[in-house]
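**Q** For reference, the sequence and a predicted model appear below.
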Amino acid sequence: MSNAKVRVRFAPSPTGPLHMGGVRTALYNYLFAKQQGGDFILRIEDTDQTRFVPGAEEYIIESLKWCGITPDEGQGFGGNYGPYRQSERKAMYRQYAEQLVADGHAYYAFDSAEDLDRVRQMAKDAGSPNWQYNHITRNSMKNSLTLSQNEVEKKLEAGEPYVVRIKLNRNEEVKFEDIVRGWVSVNTNNMDDKVLFKSDGMPTYHLANIVDDHLMEISHVIRGEEWLPSAPLHVLLYRYLGWEDTMPQFAHLPLLLKPDGNGKLSKRDGDRLGFPVFPLEWHNQESGEVFSGYRENGYFPDAFINMLAFLGWNPGTAQELFSLDELVAAFSLKKVNKAGARYDHDKTRWFNQQYLRHKSDAELGKLLQAEASEQDVEVSLEKAEGIAALMKERAYFIKDLWEDSQFFFAAPQEYDEKTLRKKWNEEARSHVAELQKRFEAISDFNTENIEEAFKAYLSENELGFGKVGPGFRLAVTGMGMGPSMFEICAILGKEETLSRLNQALEQLP
RNA sequence: GGCCCCUUCGUCUAUCGGUUAGGACGCCAGGUUUUCAUCCUGGAAAGAGGAGUUCGAUUCUCCUAGGGGCUGCCA
């Protein structure tokens, strides 16, 4: 399939919110497609009707959009290979199952779920934990291999429920070359006769994904490592269906692991460890549970994406900050790692900080203004920009920008206790009183003039910055730390600054 | 249990047989700063273990250990 157009699909099942591991899979698909000038397709794998969760599909689509990795084609995006929901493709699958049966690569099985449970339990009791429906055990089960043709036809005509299982050859080595892992090989003796077509008339994932990938002309299947064990089965299906020459190339991605302990990252880890595992907040309709999202936690989508891209891939250079376009240009499946990657929330925060810092003051001003507005505080764009410019160096999130700059919006209600105790005394009081007087005389109350007046006071009285600064800061902001006082005062304006100095002189001991 | 995959600093990772094993996050120290943050400098910190191939292995092979995934009429 090397000459065909690159077409990749992200194929989640709508059983709940998409978690960040899924987003990363989507991202790698997107990056690869865009780099190759190909298409990125969204297909909804809802062949298990019992696991359908309302809102999940919408959530998936909204998540991809928020991340900026919008599909070119697929459910919710149109295209010529639809429908893109497997439940709506239901009628297409049966013929392929029948074809496999006709060709001797599959068979009907009439064993009920209870039959199978019983056999499995018996095997377990006998000390074998893993009973499989395979080339040996199928001989003692109820299927078209053991039943006479007559019996089979009768059952089918009677409408008895059945499934179609693939018929695996004995002792056959199945090999395929995975883009990230190289050659992977499994013997059919270790595989089982998987169900391809369920008794409810729907295909299983295994059949559906092969049929759809073929019909949708998918060139590369990029998915999580959890699919690696069934990839040989899929290879066999392509072969038995006669599609092996156009079989897509596989790339199985390493899993995202829990930051602590063992296992893959799961939805419970987030709240347990204090970080979101979902791109967007998710409300579980049934339980009423709320799972937090990166978006609602104030992460920038490009920072989130940048972080995710680096969980399992890196460009081999020292560069770590990549825009989506840069990721598209630099990405390579060949450079994807094989081992699972542990999620590191500190690094995610760092990415967000970097993105925040690299935004223009104008943009940050707008975001801060919006944040303030949400808190019912109106602030001019000019002031918001000024504050943002001053505060951005110490913020990770827009929320920090807002929370750390409260003193710009209101005179101190209380004064930092420690600073008060250590820095406020009669001397500090006299400095503040004197500064107030000098500031009064400034006609153009800008940063430079304030600084000049302040420094003139210091030099005329042979005072060090440390003698006057802390008390001054405390009086104006109520705090013991923060950015340049001259800039702060300039933003506050002359009237407000003087008023605060006055308040301090009146209220502080 | 069986099968498959994986294994470099605490974490994410670079290294295409010869490097003082590099970077980033986090951590620690120092410097800059009135202070905090930023920033700058420095530091601690890794090739799971064992065989083999080779003049030489982190790099190739095998074994062991450890980790992960799968093992459903779920995806």
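**A** Arrived safely, thanks for sending. Treat the numbers as computed from the prediction; the structure is a model and nothing was measured. Numbering: from 1, shown residues only, chains lettered A, B, ... in the order given.
**Q** all contacts plus neighbour counts: C-alpha atoms, from now on.
**A** Will do.
**Q** A:Gly312 and RNA strand B, how far apart?
**A** 3 Å (C-alpha to the nearest atom of the strand, to the nearest Å).
**Q** Oh, that last question was meant for A:Ser292, not what I typed.
**A** Distance, A:Ser292 to RNA strand B, using C-alpha to the nearest atom of the strand: 21 Å.
**Q** Repeat that for A:Leu381.
**A** Relative to RNA strand B, and taking C-alpha to the nearest atom of the strand, A:Leu381 is found at 23 Å.
**Q** same question, A:Gln503
**A** A:Gln503 is 19 Å from RNA strand B, by C-alpha to the nearest atom of the strand.
**Q** Just say helix, strand or coil for that residue.
**A** With DSSP: H, G, I helix; E, B strand; the rest coil as the basis, the three-state label of A:Gln503 is helix.
**Q** can you count the residues close to it?
**A** Other residues lying near A:Gln503 total 15 when counted by other C-alpha atoms under 10 Å.
**Q** what does A:Leu236 give?
**A** Counted with other C-alpha under 10 Å, A:Leu236 comes out at 19.
**Q** Repeat that for A:Arg268.
**A** Neighbourhood size, A:Arg268 [other C-alpha under 10 Å]: 11.
**Q** That one belongs to a strand?
**A** No. With three-state DSSP as the criterion, A:Arg268 is helix rather than part of a strand.
**Q** List the contacts of it.
**A** By C-alpha atoms under 8 Å, 6 or more residues apart in numbering, no residues touch A:Arg268.
**Q** A:Arg120 too?
**A** A:Arg120 makes contacts with A:130-131, as judged by C-alpha under 8 Å, 6+ apart.
**Q** Strands along chain A, start to end?
**A** A:7-10, A:39-42, A:73-74, A:106-109, A:163-166, A:173-178, A:182-187, A:195-197, A:220-224, A:249-253, A:256-257, A:282-283, A:290-291, A:341-342 (DSSP state E).
**Q** What are the contacting residues of the fifth one?
**A** So that's strand A:163-166. A:97, A:100-101, A:105-110, A:193-199.
**Q** same for RNA strand B: which of those residues are within range?
**A** A:110, A:194-195, A:197-199 (C-alpha under 7 Å from any atom of the strand).
**Q** want to throw those residues into a markdown table with pLDDT and neighbour count?
**A** Below are these laid out as a markdown table (pLDDT from 0 to 100; neighbours: other C-alpha atoms under 10 Å):
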| residue | pLDDT | neighbour count |
| --- | --- | --- |
| A:Phe110 | 96 | 21 |
| A:Lys194 | 97 | 21 |
| A:Val195 | 97 | 22 |
| A:Phe197 | 97 | 25 |
| A:Lys198 | 96 | 17 |
| A:Ser199 | 95 | 16 |
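**Q** and the residues you listed as TSV, adding distance to A:Asn187?
**A** Formatted as TSV, these follow (distance: C-alpha to C-alpha, whole Å):
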residue	distance to A:Asn187
A:Phe110	26
A:Lys194	15
A:Val195	18
A:Phe197	23
A:Lys198	25
A:Ser199	28
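**Q** Mind putting the strands of chain A into JSON lines with distance to A:Ile61?
**A** JSON lines is the format used below for the strands of chain A (distance: least, C-alpha to C-alpha, whole Å):
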{"stretch": "strand A:7-10", "distance to A:Ile61": "11"}
{"stretch": "strand A:39-42", "distance to A:Ile61": "9"}
{"stretch": "strand A:73-74", "distance to A:Ile61": "10"}
{"stretch": "strand A:106-109", "distance to A:Ile61": "36"}
{"stretch": "strand A:163-166", "distance to A:Ile61": "33"}
{"stretch": "strand A:173-178", "distance to A:Ile61": "28"}
{"stretch": "strand A:182-187", "distance to A:Ile61": "32"}
{"stretch": "strand A:195-197", "distance to A:Ile61": "28"}
{"stretch": "strand A:220-224", "distance to A:Ile61": "18"}
{"stretch": "strand A:249-253", "distance to A:Ile61": "22"}
{"stretch": "strand A:256-257", "distance to A:Ile61": "21"}
{"stretch": "strand A:282-283", "distance to A:Ile61": "13"}
{"stretch": "strand A:290-291", "distance to A:Ile61": "17"}
{"stretch": "strand A:341-342", "distance to A:Ile61": "25"}
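**Q** domain parsing for chain A?
**A** A:90-208, A:360-405, A:411-509 (automatic domain parsing).
**Q** State whether A:Pro470 and A:Gly478 are indeed in contact, as I suppose.
**A** No. Counting by C-alpha atoms under 8 Å, A:Pro470 does not reach A:Gly478; the two are 10.1 Å apart.
**Q** residues near A:Glu296, how many?
**A** Residues near A:Glu296, counting by other C-alpha under 10 Å: 12.
**Q** shouldn't it be in contact with A:Phe278?
**A** No. The pair A:Glu296 / A:Phe278 is not scored as a contact, 10.1 Å apart, by C-alpha under 8 Å.
**Q** got a list of contacts for stretch A:439-453?
**A** A:438, A:486-487, A:489-490, A:493-494, A:498.
**Q** Looking at neighbours, which among the residues you listed is most surrounded?
**A** A:Cys489 (23 neighbours).
**Q** Report the contact partners of that one.
**A** A:Cys489 neighbours (C-alpha under 8 Å, 6+ apart): A:447, A:450, A:497.
**Q** could I get those residues as a markdown table with distance to A:Val6?
**A** Output for the contacts of A:Cys489, formatted as a markdown table (distance: C-alpha to C-alpha, whole Å):
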| residue | distance to A:Val6 |
| --- | --- |
| A:Thr447 | 57 |
| A:Ile450 | 62 |
| A:Thr497 | 63 |
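**Q** Now render those as TSV, adding distance to A:Gln369 and neighbour count.
**A** Shown next, in TSV, are the contacts of A:Cys489 (distance: C-alpha to C-alpha, whole Å; neighbours: other C-alpha atoms under 10 Å):
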residue	distance to A:Gln369	neighbour count
A:Thr447	22	17
A:Ile450	26	22
A:Thr497	22	23
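**Q** Can you lay out these as TSV showing distance to RNA strand B and pLDDT?
**A** Shown next, in TSV, are the contacts of A:Cys489 (distance: C-alpha to the nearest atom of the strand, whole Å; pLDDT from 0 to 100):
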residue	distance to RNA strand B	pLDDT
A:Thr447	12	92
A:Ile450	12	93
A:Thr497	15	95
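**Q** Among those, which are located in helices?
**A** Residues of the contacts of A:Cys489 located in helices (DSSP state H): A:447, A:450, A:497.
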